[in-house]
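Q: fold the following, please.
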Amino acid sequence: MSTFQTLYDAHLTLGGHDITWREIVGNAFGLTSAFGGLRRRIWAWPVGIAGNVLLFTVFIGTALGATSGSHPLYGQAGRQVLFIAVSLWGWWRWQQNREHSSRTVVPRWASAGERVRLLGGGLVALFGCWALFAGIGAGWPAPWWYNHADSWIFVGSALATYAMARGYVDFWLCWIAVDVVGVPELLHFHFYPSAGLYGVYGALVVYGFVTWLRISRVEIAALGSVPRPDEIPA
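A: Presented below is the predicted three-dimensional model:
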């Protein structure tokens, strides 16, 4: 247990703030997973899950009494759990797709109906998460915008991960919207490696969007039509 505790507590000190190696390594896994997702590699899902596990321990922080001097970001921690659940489904879905064809996923824009359901469900979930987070309370004198930001980060991340598993090109745009909120929040609470990842990820997202958009045009043209949802394993 002493060795485990040593590894768990290992950290760097930058600018007077302790940064755990768990946060650094977890974000390295996250960035690697993003590159894998861009290239439609199945290994992106388990690599991302490993990063989610590490980052969960970072963001839950003081709630477990493991990290002194920092605030537990429940929305950030909760989304790691959500990532794991949705990523397991996405991992299975891409594996099923590859077994039925040579592709893990065929990138495409979501249809009008799919987009309405995605956005409608997102709005309901956003309000529900805000009410839940506000009702539970942060447990510390959080700024007024805290629950709004964490609710969007939680819901937006869920929408983006689900849309990625479905192969919607739209998921890259959703990640941009998450980054716009996530980077300032993480900087405010001194989670610098995670904020840095969000910044790097923002540039990767723009590149990924352009890449998937190009791939969608080429592959859909090769298939001769846009694949219908019932042609792809659910």
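
Q: the residue nearest the centre of the chain: which element?
A: The residue lying closest to the centre of the chain (C-alpha atoms, centre = their mean) is residue 157, at 4.7 Å. Assigned by DSSP states H and E, residue 157 falls within helix 146-166.

Q: what are the contacting residues of that helix?
A: For helix 146-166, the external contacting residues (C-beta atoms under 8 Å, 6 or more residues apart in numbering) are 37, 73-76, 78-79, 82-83, 86-87, 89-90, 93-94, 105, 110, 114, 118, 121-122, 125-126, 129-130, 133-134, 138, 170-171, 174-175, 177-178, 181-182, 185, 232. For glycine as for every other residue, the C-beta is placed from the backbone atoms N, C-alpha and C.

Q: try it again with 6 Å
A: For helix 146-166, the surrounding residues in contact (C-beta atoms under 6 Å, 6 or more residues apart in numbering) are 75, 78-79, 82, 86, 90, 93, 122, 125-126, 129-130, 133-134, 170-171, 174-175, 177-178, 181-182, 185.

Q: and if you look at stretch 208-215?
A: By C-beta under 6 Å, 6+ apart, stretch 208-215 touches 38, 107, 169, 172.

Q: ok, now stretch 29-49?
A: By C-beta under 6 Å, 6+ apart, the list of residues contacting stretch 29-49 reads 50-51, 84, 87, 90-91, 94, 104-105, 197, 201, 204, 208.
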